[in-house]
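Undergrad: The following comprises the amino acid sequence and a computationally predicted model.
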Amino acid sequence: MWREWKYVKDYISQSGLYLTSWLFFLLCLIPSLASGDEIKCLEFLHLNPPSPTIQLLKFTTQSHCGCPFSIYSGLPRHVWDPDRATVMIVPGKRPATVQPSWVRTMAQELLARGQENVLAVDWLILPDMKLTEAAEQIGKKLSQIIQRLLIIGSAPDMFHLIGFGVGAHIAGTAGYNLDGTIGRITGLDPFASVFSEANNSVYLDYKDGQYVDVIHSNFNPTEPMPALGFSSPLGHVDFYIGTGFQLPGCPRGLFNREKYLLCSHHRAHQIYTSSIRASCHHLAFPCQSVADFQQAKCTLCSSPGLNSCPEMGYDITWLPSSRPLAFQPVAAFLTITSAPPYCVTPLLLELNLGGILSVEAKLYIQLIGNAVKTSTMLVSGHHMTEFVANKVYQFMISADSDGDFHTLSLEFSTQRLLYLEMRKRRISIHHLLLSYLPKGRRIAYRTWNITAVENQRVEVVLEKIWV
């Protein structure tokens, strides 16, 4: 506790803030000091304002709660260091009574990663204010705040704005007002409603920053509600997750209506937060559509000016360092697991069918190793696929576990209710090949001459090969 109070004392003595400024800073630390494990933070705005209101909150390792942050000349380096990168988190629209606790979680992950200048851009508007107008006004105010920090001694390319929902467009508007000089802007499922028809100076665009990456997690409707996020690409790299609705781990029914409708939308900031210190990677594949991705038509990573798979998340060591970026905007697709860190192992499944029969079915597989087992995965899509004799089929596999596999379990589900064994159809697989993606990993598994009976699971032994 002494370290926290010493930090407050040093902050007050060195900063020269007015009484009200350092008093707020002091008070924001008290809950975390006084309440032990039960930390209750009240730093976010919680009263409906008469006009659009914005405040900065500074996060430190000394407190889980954010502290009001004022900009003034002579700002001491232990409060904000202009020579180090600055991350600004911009939450989406919220009621005044709701605290965006996920911002605190993301801020603490950034601090644990070694970031020192971690700020939250807290904002509230009148309930009936147009969102496009709000994004324009708050975004302009944010750009003015950044300009004040630039005067103190920082540089535009040292700033990283992370915006969720409407917050993504606020970040984009700030970048637009700063002539696209901001180093990086990350859009987390940018809000679509009303913005999709707005002027491009209001919604996030790849011209708003030197690198703009966008995560799309709810780009398809979650019935009965339309998609909350943009479906059209906005950034230099747009990452599309799964089918864009009912992502893994989200409810399948309306028993919990709010979670059912909002789960996929909020997955964007959850995945991004998890990626900050994750040891695994979210590889994505440049592609034209979800359907093409699922049908394994996009297994190559390279595209003009980009020689590696884009990786979704905080880490951008894969990205070329030169600016402006030498590649054209890219849409890349990937899937996730149901729980943190959400990473999957991408594989390519190739089936060379034999026999004489054609079957409409859904294909399920499971991979088994000595110390690992994946979940059972539907690999052929939610609609029935016609498996025609003597044709080759390819499917993208997103395994939720990785390991040294030795067995593959598969089932062709035709949904026909047949009890007589003699009436059940048989599917002949001449050759099965399972390869890691991207191809550089050079490990694959194969097996030959499989006979599968519809609606019955069959297990086959895999041979590990080098390709």
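TA: Nice, I can see it. Numbering: from 1, shown residues only.
Undergrad: For residue 296, give its distance to residue 146.
TA: According to Cβ to Cβ, to the nearest Å, residue 296 stands 43 Å off from residue 146. No exception for glycine: its C-beta is placed from N, CA and C like everyone else's.
Undergrad: So between the two, which is more surrounded?
TA: residue 146 (24 against 21; other Cβ atoms under 10 Å).
Undergrad: Next, the more buried one: secondary structure please.
TA: With DSSP: H, G, I helix; E, B strand; the rest coil as the basis, residue 146 sits in helix.
Undergrad: quick one, strands of the stretch 101-250 of the chain?
TA: If DSSP state E, counting those that start in this stretch is used as the criterion, the strands of the stretch 101-250 of the chain fall at 117-124, 159-164, 184-188, 212-216, 237-241.
Undergrad: Relative to residue 436, which of those is closest?
TA: Set against residue 436 and scored by Cβ to Cβ, the strands of the stretch 101-250 of the chain come closest in strand 237-241, at 20.6 Å.
Undergrad: in whichever helix or strand comes after the closest one, what counts as buried?
TA: Next helix or strand after strand 237-241 toward the C-terminus (DSSP states H and E): helix 257-275. Neighbour counts over helix 257-275 (16 or more other Cβ atoms under 10 Å) mark 260-275 as buried.
Undergrad: what's the spacing between the nearest residue to residue 73 once chain neighbours are set aside and residue 172?
TA: Spatially, and ignoring its direct neighbours in sequence, residue 73 is nearest to residue 152 (7.0 Å; Cβ to Cβ, 6 or more residues apart in numbering). With distances taken as Cβ to Cβ, residue 152 is found 24 Å from residue 172.
Undergrad: More neighbours: these two, which one.
TA: In this view residue 152 and residue 172 are compared by other Cβ under 10 Å, and residue 172 has more residues nearby, 34 against 13.
Undergrad: which residue sits closest to that one in space, ignoring its chain neighbours?
TA: Leaving aside its sequence neighbours, residue 172 sits nearest to residue 204 (Cβ to Cβ, 6+ apart; 3.3 Å).
Undergrad: Help me confirm that that neighbour comes into contact with residue 215.
TA: No - checked against Cβ atoms under 8 Å, the pair residue 204 and residue 215 is beyond contact range at 11.6 Å.
Undergrad: which residues does the residue lying closest to residue 372 once chain neighbours are set aside contact?
TA: What sits nearest to residue 372 in space, not counting adjacent residues and going by Cβ to Cβ, 6+ apart, is residue 403, at 3.3 Å. The neighbours of residue 403, taking Cβ atoms under 8 Å, 6 or more residues apart in numbering as the test, are 369, 370, 371, 372.
Undergrad: Check residue 57 too.
TA: Residue 57 touches 43, 44, 66, 67, 68, 69, 119, 120, 122, counting by Cβ under 8 Å, 6+ apart.
Undergrad: Tell me which residues of stretch 423-436 come out buried.
TA: Buried residues in stretch 423-436, counted by 16+ other Cβ under 10 Å: 425, 427, 428, 429, 432, 433, 434, 435, 436.
Undergrad: my bad, stretch 60-80
TA: 60, 62-70, 75, 79-80.
Undergrad: Then stretch 211-230?
TA: For stretch 211-230, a neighbour-count test (16+ other Cβ under 10 Å) marks 211-220, 222, 227-230 as buried.
Undergrad: Could you tell me the average pLDDT over it, please?
TA: Across stretch 211-230, the average pLDDT comes to 92.
Undergrad: Kindly report the same for stretch 233-246.
TA: In this model, stretch 233-246 has a mean pLDDT of 96.
Undergrad: And stretch 78-97, by the same measure?
TA: On average, stretch 78-97 scores 95.
Undergrad: end-to-end on it?
TA: Counting by Cα to Cα, to the nearest Å, you get 32 Å between the two ends of stretch 78-97.
Undergrad: how distant is that stretch from the center of its chain?
TA: 18 Å (Cα atoms, centre = their mean, to the nearest Å).
Undergrad: Ok, stretch 448-455 next?
TA: Computed by Cα atoms, centre = their mean, the separation of stretch 448-455 from the middle of its chain amounts to 38 Å.
Undergrad: Contacts for it, please.
TA: 359, 361, 410-416, 418, 421, 424-432, 458, 460.
Undergrad: and if you look at stretch 148-160?
TA: 71, 73, 75, 80, 82-88, 146, 178, 181-186, 210, 323.
Undergrad: With stretch 124-136 instead?
TA: Contacts to stretch 124-136, defined as Cβ under 8 Å, 6+ apart, come from residues 45, 47-53, 93-96, 138, 166, 169-170, 173, 191, 193-195, 198, 201-203.
Undergrad: Next, give me the two most distant ones among the contacts of residue 403.
TA: 370 and 372 (7.4 Å).
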